[in-house]
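Engineer: Predicted model and sequence follow; I will ask about them next.
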Amino acid sequence: MATVPEARRSTRRVRETSLDVPTSNRNPANDEAQLTRIPVRKTYKLYVGGQFPRSESGRSYIVRAADGTPLANAVRSSRKDVRDAVRTARGAVAGWSGKTAMNRGQVLYRVAELMEGRRAQFIEEVASAEGLSPADATAQVDRAIDRWVWYAGWADKISQVLGTVNPVAAPYFNFSIPEPTGVVGVVAPESSSLLGLVSRVAPVVVSGNAAVVLASESRPLPAVTLGEVLATSDVPAGVINILTGLRKELVPTLAAHMDVNAIDTWGVPRDMRAQIETSAIDNVKRVARPPRGVDDRYDWLDDRRAQRPEWIAAYLEIKTVWHPIGM
Amino acid sequence: MAARKDSSGSREPSAALVRRTSPDVGRGTQSPNSWALGDGQQVPWEYAPAPESRDVVQLKSRYGLFIGGKEVAPRSGQWFTTVDPSTEEPLAEIARATVEDVDQAVSSARRAFKRDWGSLRGSERAKYLFRIARILQERSREFAVLETLDGGKPIKESRDVDVPLAAAHFWYYAGWADKLEYAFPNRDPQPLGVAAQVIPWNFPLLMLAWKIAPALAAGNTVVLKPASSTPLSALFFADVCRQADLPPGVVNIITGPGEIGLALVKHPDVDKVAFTGSTSVGKEIGRAIAGTDKALTLELGGKAANIVFDDAPIDQAIEGVVNGIFFNQGEVCCAGSRLFVQESIADSFVERLKDRLSTLRVGDPLDKNTDVGAINNAAQLAKIEELVEAGIAEGADIYQPACELPARGWFFRPTLFTNVAQSSRIAQEEIFGPVLSVLTFRTPAEALEKANNTAYGLSAGVWTEKGSRILDMVSKLRAGVVWANTFNRFDPTSPFGGYKESGFGREGGLHGLLAYLDLGGGH
């Protein structure tokens, strides 16, 4: 644990140096203070119900950069935290799904707007979390922002693409419309800490579902920062809840929870999948699996594959309505 | 029997009342047509028998499995008997498949997928499906009688609903076979491969059509297992496939108990599993294939709420409520088994309902006048009896019309419960029989709260003349199919399937295709 401050100081130093004003303009009297300023560190917490609680368990775990350097302590959520988050999400479903589709679209777009403003911070966090070059990290963050925009546009169109008017062979007006399924558990991709998570969460919430998201276990920090964006971007409290912690502890509780309607198993380790799907069937959860053969090298930058209306449809129920004509 | 004639519904309920009439009770004390009305009056007319001829169905003594386009004997050398539930008389012997037979059927489907069917153009697949639809239409009388013989449902239902809808499903999906890229634009829809399909006994031929038509249209091959109490129409369908010259192995049909169905869905070379049946078996199937790459759709149980507001068209509502729960003896996953009546009209509505129940004709399923036929099997009858007794024990008031039941066969009187608690088993559990629980409500919000208070979410009904109320209720009912001012309507173009524990995936319509296609995004 003692190594954490060391590592943090080193990453901060790089940034402070780059932000320094040119030497010629410096007031020598200020130099001393500038060099010895102790950076204010961020405590990485959970994001539940629009607030930033710690785990009720009081536990944490060390998050390391791709090169092994410790970055921070992340919250090691408990099963109780999962249940609390599900309850919070359930409470948010009626309000969120009751908003107009256009309104939900604007809210998602607002997330993109605010991410854009914190772009540099996300790039730095993704770079250190995933061991990417600045250019590669930039590509990831930019695409994550754009993905919110892409899904924002779907909010008031998905019903027109998935809905149908059905020409039944009798005098009835008959139509089918999609509706959100309710509370969705998202086990976010393990390797793609931000873009992978956004690519799986945006299609869940755009239609009016509420999500309980388990961030990448080894790379959770960008997800926590995303929570800070969500808190200030008009996403109603409880619609997206982000937990960090250990997959083996948390996924079984999420999968077995009787008030969760669907679960995205993208980030579920292969050896846990049978156990998770066995639990999930207890309340006939909708299980959204990754395509066959997908692994950690999945290319989330590939728009044609990694952003799909089917991923919105995976968390929708089709409701069919009949009414007599002329009777 | 005297007490039974006094059908005011206010008499002391007793367990004996709900028992199926045993041969020595109540026989001969009244003529078969002395139906009593709810107010104690009797219907002042009689119905002459109008039996449909069963000559149109030529039954063999034995039916083997249908694998690779041929009828084959089971490896087990064992056979079981399928019976007519209205007489308990045996109809034919049916092959009991073994795990080896399952393996052979799946291999046969795989071969057909790799060779003939998989390489066939969509336009040619379509023509086979059109052929099947045509043959079902041509043989409609035969299939209707067969379905009634094997399943116990009234001939007027198998004739007017089951068989025409089954043919219509093949007709509808035939046209999709060469238009999949229009169903899912900007995608490259691909078949999943071999589909394992397990279907129930309440609509044997119709469920077969719901399963096989979209699977074949999408380019898959199938192994289908019908329920062991109603295997005949599927085995006759094998003959339809032969008449249509469908390539061998595209459709395979295996028969046997539930464990064979489980062996089928677990088979490692099966890519897709589709099941219609009870929620408990659906969960068992889900557990059996957990962790595999098989795609799954489930159409499971229900406990539909039928909500009648005080401004409803009452005559239509009475008919709709009766059709909602007594269609196919209530052995319907989407049956309107919970009636919610607005309090202000509850008493008069229930009285009219009792009157209507008294005119239902219960008896010989082959009689064209029959409204309520035989319960499909003895185990189901026992389950209905158990739940009805539980309803009485929990304090609900029972009403049954004083109709005579046939001396043989598995029959149950149309039954109505009033004074039912939300928590009662008859308000919570799927009975799958001709049993209606009546509850009341005051406000739309209360109706919604009660209607949605169930683990199921298959269907619901709303009765009111106020359009904006219909649309409001429709959007807040958590159910996959909502009938407004009607109930129990089905059509191949209309997606059907549940919310919550009533399953996932849709059958029928464009959405029904999706269950049998891979669009590349996972499933």
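Structural biologist: On my side now, so go ahead.

Engineer: can we go C-alpha only for contacts and neighbour counts from here?
Structural biologist: Fine.

Engineer: Poorly predicted segments of chain B, please.
Structural biologist: Chain B contains residues with pLDDT under 70 at B:1-44, B:523.

Engineer: which bits of it sit near chain A?
Structural biologist: Residues of chain B lying near chain A by C-alpha under 8 Å from any C-alpha of the partner chain: B:283, B:286-287, B:290-293, B:474, B:479-486, B:489, B:491-504, B:506, B:509, B:520-523.

Engineer: Pairing partners for residue B:72 in the sheet, please.
Structural biologist: Taking DSSP bridges as the rule, residue B:72 bridges to residue B:65.

Engineer: Contact partners for it?
Structural biologist: Contacts here follow C-alpha atoms under 8 Å, 6 or more residues apart in numbering or on different chains; on that basis residue B:72 touches B:64, B:65, B:66.

Engineer: In JSON lines, list the residues you listed along with neighbour count.
Structural biologist: Listed next are those as JSON lines, based on neighbours: other C-alpha atoms under 10 Å in any protein chain shown:
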{"residue": "B:64", "neighbour count": "20"}
{"residue": "B:65", "neighbour count": "25"}
{"residue": "B:66", "neighbour count": "27"}
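
Engineer: circling back: mark which of the residues of chain B next to chain A are buried, thanks.
Structural biologist: B:283, B:286-287, B:290-291, B:293, B:474, B:479-486, B:489, B:491-504, B:506, B:509, B:520-523 (16 or more other C-alpha atoms under 10 Å in any protein chain shown).

Engineer: Can you measure across stretch B:302-310, start residue to end residue?
Structural biologist: In stretch B:302-310, first residue to last residue: 25 Å (C-alpha to C-alpha, to the nearest Å).

Engineer: Which ones among the buried ones among the residues of chain B next to chain A lie within strands?
Structural biologist: If you go by DSSP state E, those have B:481, B:482, B:483, B:484, B:503, B:504 in strands.

Engineer: Show me what the first one is bridged to.
Structural biologist: In this case it means residue B:481. residue A:320, residue B:459.

Engineer: Write out the residues of the stretch 201-327 of chain A neighbouring chain B.
Structural biologist: So the stretch 201-327 of chain A meets chain B at A:261, A:273-278, A:281-292, A:305, A:308, A:310-311, A:314, A:317-324 (C-alpha under 8 Å from any C-alpha).

Engineer: Identify those among those that sit within strands.
Structural biologist: Among those, the members falling in strands (DSSP E) are A:286, A:287, A:288, A:317, A:318, A:319, A:320, A:321, A:322, A:323, A:324.

Engineer: per-residue pLDDT, the residue nearest to the first one when sequence neighbours are not counted?
Structural biologist: It refers to residue A:286. Spatial nearest neighbour of residue A:286, excluding adjacent residues (C-alpha to C-alpha, 6 or more residues apart in numbering or on different chains): residue A:262 at 4.3 Å. Looking at residue A:262, its pLDDT stands at 98.

Engineer: returning to what we had before: name only those of the residues of the stretch 201-327 of chain A next to chain B that count as buried.
Structural biologist: Using 16+ other C-alpha under 10 Å as the burial test, these include A:261, A:273-278, A:281-290, A:308, A:310-311, A:314, A:317-323 as buried.

Engineer: one step back: which residues does the residue nearest to residue A:286 bridge with?
Structural biologist: Bridge pairing for residue A:262 - DSSP bridges - gives residue A:184, residue A:286.

Engineer: Isn't it up against residue A:187?
Structural biologist: No. Using C-alpha atoms under 8 Å, residue A:262 is not in contact with residue A:187; the gap is 11.1 Å.

Engineer: which residue ranges form the strands in chain A?
Structural biologist: So, for chain A - with DSSP E - the strands run A:60-64, A:70-75, A:164-165, A:172-180, A:183-187, A:210-214, A:240-243, A:262-264, A:286-288, A:316-324.

Engineer: ok, and what's touching the third one?
Structural biologist: What it means is strand A:164-165. Applying C-alpha under 8 Å, 6+ apart, the contact partners of strand A:164-165 are A:174, A:175, A:176, A:177.

Engineer: Identify the residues contacting the closest residue to the last one other than its chain neighbours.
Structural biologist: Among residues not flanking residue A:177 along the chain, residue A:163 sits closest, at 4.5 Å (C-alpha to C-alpha, 6+ apart). The contact partners of residue A:163, taken as C-alpha under 8 Å, 6+ apart, are A:175, A:176, A:177, A:178, A:318.

Engineer: Please work out which residue of the stretch 151-300 of chain B is closest to chain A.
Structural biologist: Proximity of the stretch 151-300 of chain B to chain A (C-alpha to the nearest C-alpha) peaks at residue B:291, 3.6 Å away.

Engineer: Quick check: closest non-adjacent residue to that residue.
Structural biologist: Of all residues not flanking residue B:291 in the chain, residue A:274 sits nearest, at 3.6 Å (C-alpha to C-alpha, 6+ apart).

Engineer: Likewise for residue A:318?
Structural biologist: Nearest non-adjacent residue to residue A:318, counting by C-alpha to C-alpha, 6+ apart: residue A:178, 4.5 Å away.

Engineer: Contact partners for the one you found?
Structural biologist: Shown in contact with residue A:178 (C-alpha under 8 Å, 6+ apart): A:159, A:162, A:163, A:313, A:316, A:317, A:318, A:319.

Engineer: and it, how far is that from residue B:499?
Structural biologist: From residue A:178 to residue B:499 the distance is 11 Å (C-alpha to C-alpha).

Engineer: who touches both of these two?
Structural biologist: Common neighbours of residue A:178 and residue B:499 (C-alpha under 8 Å, 6+ apart) are residue A:317.

Engineer: Which ones among the buried ones among the residues of chain B next to chain A lie within helices?
Structural biologist: Assignment to helices by DSSP state H places the following of these there: B:283, B:286, B:287, B:474, B:509.

Engineer: Widest-spaced pair of these?
Structural biologist: Maximum pairwise distance among these (C-alpha to C-alpha): 32.7 Å, between B:287 and B:474.

Engineer: Do a quick rundown of the helices in the stretch 351-500 of chain B.
Structural biologist: B:378-393, B:425-428, B:444-451, B:467-476 (DSSP state H, counting those that start in this stretch).

Engineer: and those, which is most packed in?
Structural biologist: helix B:425-428 (a mean of 22; mean count of other C-alpha atoms under 10 Å in any protein chain shown).

Engineer: which residues are contacting it?
Structural biologist: Contact partners of helix B:425-428, identified using C-alpha under 8 Å, 6+ apart, comprise B:303, B:338, B:387, B:388, B:390, B:391, B:420, B:421, B:422, B:437, B:454.
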